[in-house]
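Q: Just a sequence and a predicted model for now, questions to come.
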Amino acid sequence: MDELVRLTAKKAVDLLKCGEISPMELIDAAAQRISETDDAINAMPTLCFERARSHAEKMITSRISDPPDCYLHGLPIAVKDLNDVAGVRSTLGSPIYADNIPDCSDYMVEILEGNGAIVIGKSNTPEFGAGGNTFNEVFGATRNPWDTSMTAGGSSGGAAAALATGQVWLATGSDLAGSLRIPASYCSVVGLRPTPGRVAYGPDPLPFGTLSVEGPMGRTVGDVALMLDAQTGIHFDDPRSFPKPEEPFISAVNQPVVPRRVSYSPDLGIAPVVREVREICAKAAESFSGIGTVVEEACPDFQDAEEIFQVLRADGFAAEFGDLIVEHRDKMKPELIWNIEKGLALTCEDVRRARLAQGELYHRVAEFFQSTDLLLCPAVVAPPFKVDIRYLTEVEDVEFNSYIDWLVLTYAIT
């Protein structure tokens with residue numbers, strides 16, 4: 001069992017494909033590992049092993065004769081508790097939906113299961129995915145497996161902690177303000193925020209939104225590419241979704257391209273960053289010099305990125321959760337209420353200015369990439385902090401005004 005949970009997802013799929021191991025063996029290995037570790041980290045509060053084994057039995061008895069290249073051959077995965085899995089408790093981390101059991105799966109889950117994934121459980125998330133520390137009133141807090149007194153980050157904190165602990169080989173996540181990237185950083189795994197539309201998303205009350213995306217998480221870059229290949233493709237009910245790329249992501253990983261020029265910024269010119277983080281990330285950026293890449297310290301002008309994001313995020317929260325705050329205010333955490341009310345207080349002029357500024361920011365970034373291949377920066381302004389701290393209120397003597405200000409390095413990129 002221990003050997004199985006230590007496999008990369010890519011190796012596990014190779015073994016499944018050739019029949020050296022079975023989906024049942026991996027489900028059993030995951031179940032054992034979760035029972036050994038989850039009391040300490042609380043990453044996977046909802047499990048569905050009976051459903052998983054039933055799915056595996058059908059897969060074994062009705063093998064696909066010519067599976068696509070992206071097929072996962074019965075690999076167990078975790079799904080973030082913001083995405084519905086048919087017949088499995090789906091709370092969104094909120095007391096409002098504490099007893100919700102959906103009849104249908106999320107579009108992304110449909111695609112993943114169609115591509116040979118087996119869902120074994122739901123990973124923990126903050127209420128409605130709001131916040132960079134994974135805790136909620138339904139299941140409590142998820143802890144960092146490297147130090148269980150610390151946060152695993154958020155909002156895909158349960159997914160990141162489950163991966164780092166060996167509970168699963170791949171996990172889904174989502175990202176609005178950094179929810180794939182921040183917990184990956186805090187748990188030493190890999191999270192990728194893909195282009196909007198790359199992974200189908202929904203049912204969604206705002207089907208034309210592009211700030212929030214679904215994406216892959218894994219322990220290695222190759223595993224994340226494998227997951228993304230299995231997640232991609234058009235779903236008729238998501239107008240943002242588009243076809244799979246002609247070249248699989250895993251092929252790109254297997255044939256890496258050396259970048260000619262890399263830009264590095266310790267703070268994007270807009271954030272206080274702890275010295276330890278600056279030093280670690282500067283050293284990592286400089287390592288590109290060893291493969292012949294030119295490394296320079298530079299970044300686009302992000303000076304108005306925080307204001308743009310705060311307005312557009314609040315506008316989206318007001319649209320999506322405005323009715324809930326009327327009906328269930330007493331069941332919602334204060335940070336969420338603040339964010340919704342901020343959106344409800346916006347004027348048309350506030351939104352107009354933010355949308356125009358977003359367009360200008362995009363064009364500045366596009367111009368920047370005419371002369372560089374990669375922009376490197378820290379994922380978070382500070383290392384993991386104590387899990388019982390709801391969010392960082394100050395870094396390097398700079399005070400933050402809201403529960404998401406400390407996530408600026410990732411949401412500036414969003």
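A: Alright, I've got the coordinates. Numbering: from 1, shown residues only.

Q: CA atoms only for stretch 237-251, dumped as PDB, please.
A: Taking Å, rounded to 0.1, in the frame of the first residue of the first chain, the C-alpha atoms of stretch 237-251 are listed here in PDB:
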ATOM      1  CA  ASP A 237     -23.500  23.900 -21.500                       C
ATOM      2  CA  ASP A 238     -20.400  26.000 -20.800                       C
ATOM      3  CA  PRO A 239     -20.100  28.700 -23.500                       C
ATOM      4  CA  ARG A 240     -16.500  29.500 -22.400                       C
ATOM      5  CA  SER A 241     -15.200  26.000 -23.000                       C
ATOM      6  CA  PHE A 242     -13.100  25.200 -26.100                       C
ATOM      7  CA  PRO A 243     -11.600  22.100 -27.700                       C
ATOM      8  CA  LYS A 244      -8.600  20.100 -26.400                       C
ATOM      9  CA  PRO A 245      -5.300  21.400 -27.800                       C
ATOM     10  CA  GLU A 246      -3.800  19.500 -30.700                       C
ATOM     11  CA  GLU A 247      -0.700  18.700 -28.600                       C
ATOM     12  CA  PRO A 248      -1.500  17.100 -25.200                       C
ATOM     13  CA  PHE A 249       0.000  18.900 -22.200                       C
ATOM     14  CA  ILE A 250       1.800  15.800 -21.200                       C
ATOM     15  CA  SER A 251       3.700  15.800 -24.500                       C
END
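
Q: residues making contact with that stretch?
A: 10, 69-70, 107, 196-204, 207-208, 210, 222, 225-226, 228-229, 232-235 (CB atoms under 8 Å, 6 or more residues apart in numbering). (Glycine included, C-beta is placed from N, CA and C.)

Q: got the buried residues for that stretch?
A: Along stretch 237-251, these residues count as buried under the neighbour rule (16 or more other CB atoms under 10 Å): 238, 240, 241, 244, 248, 249, 250.

Q: Mind putting the residues you listed into TSV with secondary structure?
A: Formatted as TSV, the buried residues of stretch 237-251 follow (DSSP: H, G, I helix; E, B strand; the rest coil):
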residue	secondary structure
238	coil
240	coil
241	coil
244	coil
248	coil
249	helix
250	helix
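
Q: Go through these and name the one nearest residue 17.
A: Residue 17 has its nearest neighbour among those in residue 250, at 13.1 Å by CB to CB.

Q: how about the residue lying closest to the closest one once chain neighbours are set aside, what does it touch?
A: Sequence neighbours aside, residue 225 is the residue nearest to residue 250 in space, at 4.5 Å (criterion: CB to CB, 6 or more residues apart in numbering). Listed by CB under 8 Å, 6+ apart, the contact set of residue 225 reads 216, 248, 249, 250, 252, 253.

Q: at 7 Å instead, please
A: 249, 250, 252, 253 (CB atoms under 7 Å, 6 or more residues apart in numbering).

Q: Ok, residue 134 next?
A: Here residue 134 is in contact with 124, 125, 126, 141, 142, 152, 153, 154, 155, 157, 158 (criterion: CB under 7 Å, 6+ apart).

Q: try 10 Å
A: 42-43, 81, 93, 123-126, 140-144, 151-161, 179, 183, 186, 387 (CB atoms under 10 Å, 6 or more residues apart in numbering).

Q: Can I have the buried ones of those residues as a ChimeraX selection?
A: Selection of buried members from the contacts of residue 134 for ChimeraX, criterion 16+ other CB under 10 Å:
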select :42,43,81,93,123,124,125,126,141,142,143,144,151,152,153,154,155,156,157,158,159,160,161,179,183,186,387
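
Q: In helices, which of the contacts of residue 134 fall?
A: The helices, defined by DSSP state H, take in 157, 158, 159, 160, 161, 183, 186 from the contacts of residue 134.

Q: Reformat those residues as a markdown table; add pLDDT.
A: Output for the ones in helices among the contacts of residue 134, formatted as a markdown table (pLDDT from 0 to 100):
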| residue | pLDDT |
| --- | --- |
| 157 | 98 |
| 158 | 99 |
| 159 | 99 |
| 160 | 99 |
| 161 | 99 |
| 183 | 98 |
| 186 | 98 |
